[in-house]
Structure formats: structure tokens, C-alpha cells
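*Asks:* Build the 3D model from these lines:
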Amino acid sequence: MSGRCRRISESPTVSLTSLLARLQRQGADVVSLVAGQPDFPTPPHVCRAAIQAIEEGHTKYTAVDGAHELKQAIADWIKAERGAVYSPDEIVVTCGAKHAVLQSLLAICDPGDEVILPVPYWVSYPEQIKLSDAIVKTVTPLGADLKITAAQLKQTITDRTKAFILNSPCNPSGAVYASAELAQMADVIRAAGIYVIADEIYDKIVFEQAFSSMTAFAEIRDQLIYINGVSKSYAMTGWRIGFLAAPQPVAVAVAKYQGHSTTNAASISQRAALAAYREEQSFVADMVSAYQERRDYVMGRLGGMRHVICATPQGTFYAFPELAAYYNKNKGVTSSFDLCQYLLENYGVALVPGSAFGMEGHVRLSFAVAMATLRKALDRVQAGLRSLAQQDEAT
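*Replies:* Coordinates of the predicted model:
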């Protein structure tokens, strides 16, 4: 295999995923909190739009960077939701937000460039940075809220820094950066002259705290690559529609890559996304309300488990508790991976180890599941932690 391929790490969860699949094939009673996607169906009017697209023959290639009608709808949505003005020429429709992040990095990075990445991070970011021949520079938060500060960002920037990736709301922690925090970062970004790739794919899934976007800071517009899509907010993960809005030279460069790889995103999915952006929106609030109820339940349960530390997620559908207090050498549990394997093999509950997100000692659990599933899963987590406790004390 190529050197580029060898530089990319295999998913740290692949063996756990294989174990989970094997147990399920064997008929084992396994409860999974691994899901990284909404458990709600795609809204009916969006599905109808896709069916109509097929019936009307919208099954051919579109423009490489997306159908103009969809790009205009995205531009209108950004203006309505964020107050920022983009032209369709500054927007590229991609095969999901992940695709947009990777192509952005390929468009702006040269070998040896540095890309700053806050910890914890979504699992694909470091590998995408490596794919672009750039160097990963991680920054670990100092506080319990799992957010880095503008001062930390400034200290990490060097003359080789090309970009900073900011994921808010954050997968896996659920952290949401406030407007004042983003304003301080925008000042640092403007002064340094670097790009910021703002992945805001979970922007509609926020709870008490109002969401603030990097698009609010006009002073860094020429340095901002704004990433979003329909996967999370509209329960459309399998439709594979994301987008980026960026300065036109970046958009042109991304479209060049896309023209020699995937070409356009699926034409039928584009018509479905058009309906998502232009039509009925009330289901989003209903979905978020259900997530918030589940979030509150999860935090109540975790709060009742001794030695478990967990920042309250302000967005997404994940919690990221610290469980390192339950490592037990006698039972072979000395890492978050070991802990997840132990819980899966012995208690039939699947979580994702924090090491996959660059933060050992934590695990990620998804509450994008029915409440009954959450209850069952957390009962098993609690029983598993009790069994690992090194002293005779209830968790």
C-alpha cells in the first residue's frame, strides 16, 4: 500500500465493532449506544420529494458542485438562519459533511502545513489531515467543559499553521461554544491569517444555550470554510448531502477535486435536500425536544453513579463521561478500550472508547435511541461499573 495509506490509522473501534456484530449475529442480547445518527425517520415530505424526483426523471448528472436550485436554497437558508450572505458560486454541495471537510483540507493544505485540532475530536479529522499531507496539532482543553480557549489557540499557532478545525456543537462531547468565546477566537484567527474550518453539522441540535455560528464574524469571512448539511438536523444520514460555503477560490478548488472523484452528489438526494431546506421545519424542534428529554435522563443516571464525571452536553445527542476511576488491572481494564470491551462482553452494552476521540479515560454514549433502550443500557453500564469498583461501594 502507498505511504499515504499507511499513514492513516485504522479506526480504533474496528475490533469492538466486529465483536458487536458477531454477538448480534449469534443472537446475544446486546444494547448499543454507539449510533452516530438520529433514530428518527427522514421527514415524509422529504421522502416524497425524492420519489417525485425519480418519477420526474431527475436521475442524471447535475453540475459537479451541485444543482443551482439547491445551492440557492442553501444560500437562502444560511442568510435566514445565520444572517450571512453567500452566493451560489461560493457553495459546493458534497457527499456529506465529511466529504466537505476532507476536500477543504485537500484544497488548502500543502505538505508540512499544520492544522490545529481541539481534543476531543471527531474520529475522522486527524486522518483527513494526514490524507492532505498536513500535520495534526492537537490542543487539549484545560477546563471541565471540554472547550479550548482563544488563548490556547493563539499559543498553538506557528508560522506553519494553515487551518484550525472547530466542531461546535462537538462530537463527542456535546460542548457548544458561546458567542463571546467564538468572538475571541475570531480575533486570533484574523490576526494570524489562517483558515478556520467550522463544522457545524449539529447546529440545530442544541438545548438551553443558543447556538452561535462562526458565520457571524464578517471580519474572518475570507478565512472561513463553513461546513454543514442535512444528515443530523433533518435525519438524513444515508442521503449523503453536505455542503461548504467558502471564499470563491476555495469553492472552485474543492469543485476541482470533486470533479475528478465523486462528481456531483446524488441527484435524487439533492432534490430531497431541497425540500428539507425549503419546506416544513417543525419536526426539527420535535426531534430536539426528544433529545433533550433523553439528555436529561442520561445526566440524571450518570449523576447517580459514584466517581463518574460528565460535562452536561449542550448540543448533539452524545454524552462523554469520564470513567477512568473504574479501571481495574485485576480484570484487565486499563484503558477506555478495555472498559468498552469489558462492558460489551460481560454486560451486553456497547459504548465507544474515548481514545477514538483523542481523550483517554472517557467513553461516548449516544442517546439517539428510544428511552426504553437508554434505561436498559444504563442499567447495564451501572452494573458493569459496580463490578469493576475496587472497593465495596455502590456506584
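*Asks:* C-alpha from now on. contacts and neighbour counts both.
*Replies:* Noted.
*Asks:* Is residue 202 in contact with residue 235, as I believe?
*Replies:* No: in this structure, residue 202 is not within contact of residue 235 by CA atoms under 8 Å, at 11.0 Å.
*Asks:* what about these two, which has more around it?
*Replies:* residue 202 (24 against 19; other CA atoms under 10 Å).
*Asks:* Check the gap between the nearest residue to residue 359 once chain neighbours are set aside and residue 344 for me.
*Replies:* Among residues not flanking residue 359 along the chain, residue 120 sits closest, at 5.7 Å (CA to CA, 6 or more residues apart in numbering). Counting by CA to CA, to the nearest Å, the gap from residue 120 to residue 344 is 23 Å.
*Asks:* Look at the two and report which has more neighbours.
*Replies:* More neighbours surround residue 120 than the other of residue 120 and residue 344, with 27 against 23 (other CA under 10 Å).
*Asks:* now the strands for the stretch 51-200 of the chain?
*Replies:* Ranges of strands in the stretch 51-200 of the chain, per DSSP state E, counting those that start in this stretch, are 91-94, 114-118, 135-139, 161-167, 195-199.
*Asks:* list the contacts for the closest residue to residue 148 other than its chain neighbours?
*Replies:* Computed as CA to CA, 6+ apart, the closest residue to residue 148 that is not its neighbour in sequence is residue 141, at 4.5 Å. Neighbouring residues of residue 141 by CA atoms under 8 Å, 6 or more residues apart in numbering: 118-119, 147-149.
*Asks:* Looking at the residues you listed, which two lie furthest apart in space?
*Replies:* For the contacts of residue 141, the farthest-apart pair by CA to CA is 119 and 149; their separation is 11.8 Å.
*Asks:* Surely residue 59 touches residue 267?
*Replies:* Yes: with contacts counted by CA under 8 Å, residue 59 reaches residue 267, the gap being 5.8 Å.
*Asks:* between the two, which one's more packed in?
*Replies:* When neighbours are counted by other CA under 10 Å, residue 59 and residue 267 differ, and residue 267 comes out ahead with 22 against 14.
*Asks:* pLDDT wise, what is the residue nearest to residue 148 at?
*Replies:* On pLDDT, residue 141 comes in at 98.
*Asks:* Then the one 10 residues further on?
*Replies:* The score at residue 151 is 98. That number is its pLDDT.
*Asks:* how close does it get to residue 187?
*Replies:* Counting by CA to CA, the gap from residue 151 to residue 187 is 11 Å.
*Asks:* who has more neighbours, those two?
*Replies:* For residue 151 versus residue 187, neighbours defined as other CA under 10 Å are more numerous around residue 187 (15 against 11).
*Asks:* separation between the more buried one and residue 85?
*Replies:* 20 Å.
*Asks:* swap in residue 356?
*Replies:* 36 Å.
*Asks:* More neighbours: which of these two?
*Replies:* residue 356 (22 against 17).
*Asks:* quick one: that one is in a helix?
*Replies:* Yes: inclusion of residue 356 in a helix is indicated when DSSP: H, G, I helix; E, B strand; the rest coil is applied.
*Asks:* list the contacts for it?
*Replies:* Residue 356 sits in contact with 11-13, 123, where contact means CA under 8 Å, 6+ apart.
*Asks:* Could you turn the buried ones of those residues into a ChimeraX selection?
*Replies:* A single ChimeraX command selects the buried members of the contacts of residue 356 (16 or more other CA atoms under 10 Å):
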select :12,13,123
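*Asks:* Tell me the spacing between the residue most central in space within the chain and residue 261.
*Replies:* In the chain, the C-alpha nearest the mean C-alpha coordinate belongs to residue 171, at 4.3 Å (CA atoms, centre = their mean). Distance, residue 171 to residue 261, using CA to CA: 27 Å.
*Asks:* returning to that earlier point: ok, so of the contacts of residue 141, who is nearest residue 35?
*Replies:* When the contacts of residue 141 are compared against residue 35 (criterion: CA to CA), the nearest one is residue 119, at 20.5 Å.
*Asks:* tally of neighbours for the closest one?
*Replies:* 20.
*Asks:* That one and residue 142 touch, don't they?
*Replies:* No: when contacts are counted by CA under 8 Å, residue 119 is not listed as touching residue 142 (10.3 Å).
*Asks:* For the nearest residue to residue 374 once chain neighbours are set aside, give its distance to residue 299.
*Replies:* Nearest in space to residue 374, with sequence neighbours left out and distances taken as CA to CA, 6+ apart, is residue 367 at 6.8 Å. Separation of residue 367 from residue 299 (CA to CA) stands at 11 Å.
*Asks:* residue contacts, residue 12?
*Replies:* Neighbours of residue 12 in contact, by CA under 8 Å, 6+ apart: 355-356.
*Asks:* can you confirm it is in a helix?
*Replies:* No: assignment of residue 12 by three-state DSSP gives coil, placing it outside any helix.
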